[in-house]
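Visitor: Coordinates only, no sequence provided:
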């Protein structure tokens, strides 16, 4: 039986250490509603693999601004952004990127087939590529991800009683899966939008960048 979740307020200001899941052949899930801070976190987690070679983002919504990835630590010359709003093409596009790149961050379109997602996970393992999956609706199939980071709450800070200047946000994440030994951990991630996200070293971190 999994251990009870334990809350940790995390504080790590150094450059991110790669989380379990952003490793060759591993799948990391980033699950939660828009505005959970998961896009920024996902882009930041590409920074480590980008040191070794080009990395890719599969942008389903057409929202991604490349400078957000650059500010998150991915060098411009190492970033490939592929716009793919067509669900029918999404699987082939993602598979092609996994064939040749060390890491791929892919938004998952609503209604993506479970069998397709599992095939992509198997391909990531075979090609020793890290695959970060950000479903736009719902969750990932059970057991697919080595680690799931689930956005649970966002609290904006600095505005006081409805006035003042926003100074940052506090993201509440739940980490679950084999990457945390079958237990669950509740993390509070502090993000001021310009300095490093501060998180548990073993789970996730992000360099300077704009909150998205």
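Guide: Received, thanks. Just so it is clear, the structure is predicted and the values come from calculations on it, not from any experiment. Numbers count the residues shown, from 1 in each chain.

Visitor: From here on, just use CA atoms for contacts and neighbour counts.
Guide: Will do.

Visitor: so which strand or helix has residue 115?
Guide: helix 114-127 (DSSP states H and E).

Visitor: Other residues contacting that helix?
Guide: 24-27, 91, 94-95, 98-99, 130-131, 141, 144 (C-alpha atoms under 8 Å, 6 or more residues apart in numbering).

Visitor: Name the residues of the helix or strand hosting residue 56 that come out as buried.
Guide: Assessed by DSSP H and E, residue 56 sits inside strand 55-59. Neighbour-count burial for strand 55-59 flags 55, 56, 57, 58, 59 (criterion: 16 or more other C-alpha atoms under 10 Å).

Visitor: Can you flag the buried ones in the contacts of helix 114-127?
Guide: Buried residues within the contacts of helix 114-127, defined by neighbour count using 16+ other C-alpha under 10 Å: 24, 25, 26, 27, 91, 94, 95, 98, 130, 131, 144.

Visitor: which ones are touching residue 131?
Guide: 21-22, 25-28, 98, 103-106, 121, 124 are the contacts of residue 131 under C-alpha under 8 Å, 6+ apart.

Visitor: Give me the mean pLDDT for stretch 187-200.
Guide: The average pLDDT within stretch 187-200 is 60.

Visitor: low-scoring pLDDT stretches of this structure, where are they?
Guide: Within the chain, the segments meeting pLDDT under 70 span 1-21, 159-167, 191-212.

Visitor: which stretches of the protein form strands?
Guide: Here the chain has its strands, by DSSP state E, at 6-9, 27-31, 55-59, 79-83, 103-108, 130-135, 147-157, 168-176, 184-191.

Visitor: Return the distance of residue 39 relative to residue 178.
Guide: Separation of residue 39 from residue 178 (C-alpha to C-alpha, to the nearest Å): 22 Å.

Visitor: between these two, which one's more packed in?
Guide: Using other C-alpha atoms under 10 Å, the more surrounded residue of residue 39 and residue 178 is residue 39, with 20 against 16.

Visitor: picking that back up, what is the most widely separated pair among the contacts of helix 114-127?
Guide: 99 and 141 (22.1 Å; C-alpha to C-alpha).

Visitor: Show the contacting residues for the residue nearest to the spatial centre of the chain.
Guide: Compute the mean C-alpha point of the chain, and by C-alpha atoms, centre = their mean the closest residue is residue 42, 2.6 Å away. Listed by C-alpha under 8 Å, 6+ apart, the contact partners of residue 42 are 30, 105, 132.

Visitor: Check residue 33 too.
Guide: With the criterion set at C-alpha under 8 Å, 6+ apart, residue 33 makes contact with 136, 137, 151.
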